[in-house]
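# Generate a structure from the sequence data that follows.
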Amino acid sequence: MSETRRAGLLTCGLVLLAACGLPTAGTRDDDAGLEEDASLLGDSGPEASTSTQDAAVLDAGDAGAAASGDATVGDASAVDGAAAVDAAREDASGDAAPVPDACTPQGNENCTNGVDDDCDGLVDCADPSCGPQYECVPSIPAGWNAAALSIGSRPGCPAGFASQRDVVMDPTGGAATCTCNCASSGAASCEKGNVTFYGPNLIGNDCSIIGSAATDVAEGACRSNLPFGLFGFGMGANAPLRVTKVGLTPNTCNGSIAANVPPAGTQEGKRCTAQVAAVGGGCSAGSVCARRVSGTYQSCVAKSGTEVCPSGWPTKHDTGTSVNDTRACSACTCGSTASCGAATVTFYSGNSCDGTSAVATANDACNAIATAGQGVSSWRYDAPVLNEGCQKTGGGAATGAIAFANGETVCCR
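Numbering: from 1, shown residues only. You can find the predicted model right below:
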């Protein structure tokens, strides 16, 4: 018998002794002991069957029990020892006992419940049976619905989608362009009104004496009614005089608006939402299993109102069932640009604003009139109009916007 086989048989014998509760202290592990133990078991040669070897092991166990002097161990102990040997063999082989299968098939795979319904080890979108109708899409936030959107046409909804709505969407028309036009009617004048003359105080020479009541300047016409009798007798050289100034009578300015409102530029389409709001698993982190779209439809999410698109759904479409276009321009208002230049009063010696003259500035200040002294028989008020015209003073701004009835934000991948 080979050394390897002898060592194996001895090991089995020791296992059997230990299993039967017999002492093993008297066993020998030298070469002579191996040979003697082997002779007790018998050498059937390399060709011996496995059953023959097992029988020899059992015989060796009985012999070991007798040698130890324990005569109370019977056949039952031998059977226990055999069971121990079988257990040792099973442990050595590494074969674990089968685990009962806990999965109970529930029918075809439900692709939105996160369960392996058909017990093939694959859940929802990871199961090939879901592939034709479902796909992994970015996560859908709370408040948003899985949707399908067709742009430019309105075919029937894809399978698994309902709640269809014909929509208009994505206006391209900008704000109205507004042009304000101002037109003048009537002429501006700086010579419509009254002036008051203040003559010199003979004591203080300070223009503190009111020489006349308010006197109409008659729009620059020659006046023969003298402001006060002093002028009828003549004025001394460099005599002081104060004359008030007539205010501006502006021209009338009318504003009109030219509004250019571009077309709204919307296009038609159809939005459908998934019949089943639930989404499943079987996808990578940040994705869910949702209904697959087909045809001209795009995979999207939808939410009522005007919203910011969630992560993973970057392409925004503003939609609604109809357009409410309030774009326009506000009314235009205009005002006069005219002003009055320096005003003067010219005194004449003749009755028709002729003859020798002297000029006084009409600025409500006491000014010396440069004259060598003369009689006054007529006078004229002069004030030029400067920069007569019109300009925009307000309005003419773009107003309103394009809004949707039943507005909804649709965001697509």
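# got the contact list for the closest residue to residue 222 other than its chain neighbours?
In space, and not counting its chain neighbours, residue 222 is closest to residue 353: 3.8 Å by CB to CB, 6 or more residues apart in numbering. In short, each C-beta sits where N, CA and C put it, glycine included. Counting by CB atoms under 8 Å, 6 or more residues apart in numbering, residue 353 makes contact with 222, 346, 378, 379, 380.
# Include pLDDT, secondary structure and neighbour count when you put these into JSON lines, please.
Output for the contacts of residue 353, formatted as JSON lines (pLDDT from 0 to 100; DSSP: H, G, I helix; E, B strand; the rest coil; neighbours: other CB atoms under 10 Å):
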{"residue": "222", "pLDDT": "95", "secondary structure": "coil", "neighbour count": "16"}
{"residue": "346", "pLDDT": "91", "secondary structure": "strand", "neighbour count": "15"}
{"residue": "378", "pLDDT": "88", "secondary structure": "strand", "neighbour count": "21"}
{"residue": "379", "pLDDT": "90", "secondary structure": "strand", "neighbour count": "25"}
{"residue": "380", "pLDDT": "94", "secondary structure": "strand", "neighbour count": "18"}
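# isn't residue 293 right up against residue 150?
No. Judged on CB atoms under 8 Å, residue 293 makes no contact with residue 150 at a distance of 9.2 Å.
# These two: which is more packed in?
Taking neighbours as other CB atoms under 10 Å, residue 293 and residue 150 compare with residue 293 leading, 25 against 22.
# Quick one: the helices in the stretch 301-413 of the chain, in order.
Read by DSSP state H, counting those that start in this stretch, the stretch 301-413 of the chain holds no helices at all.
# any weak-confidence spans in it?
Across the stretch 301-413 of the chain, the ranges flagged by pLDDT under 70 are 370-374.
# ditto for the stretch 101-250 of the chain
101, 201-205, 227-238.
# Residue 172: what's it in contact with?
Counted by CB under 8 Å, 6+ apart, residue 172 has contacts 264, 265, 266.
# what secondary structure does it sit in?
coil (DSSP: H, G, I helix; E, B strand; the rest coil).
# ok, and the most crowded of the contacts of residue 172?
In terms of neighbours by other CB under 10 Å, the contacts of residue 172 top out with residue 266 at 21 neighbours.
# Just want the phi and psi numbers for the closest residue to it other than its chain neighbours.
Among residues not flanking residue 266 along the chain, residue 168 sits closest, at 4.4 Å (CB to CB, 6+ apart). Taking degrees, to the nearest 10, you get phi -110, psi 150 for the backbone angles of residue 168.
# Likewise for the one 3 residues further on?
Dihedral angles phi and psi of residue 171 (degrees, to the nearest 10) take the values phi -60, psi 140.
# From residue 345, how far off is the residue nearest to residue 222?
11 Å (CB to CB, to the nearest Å).
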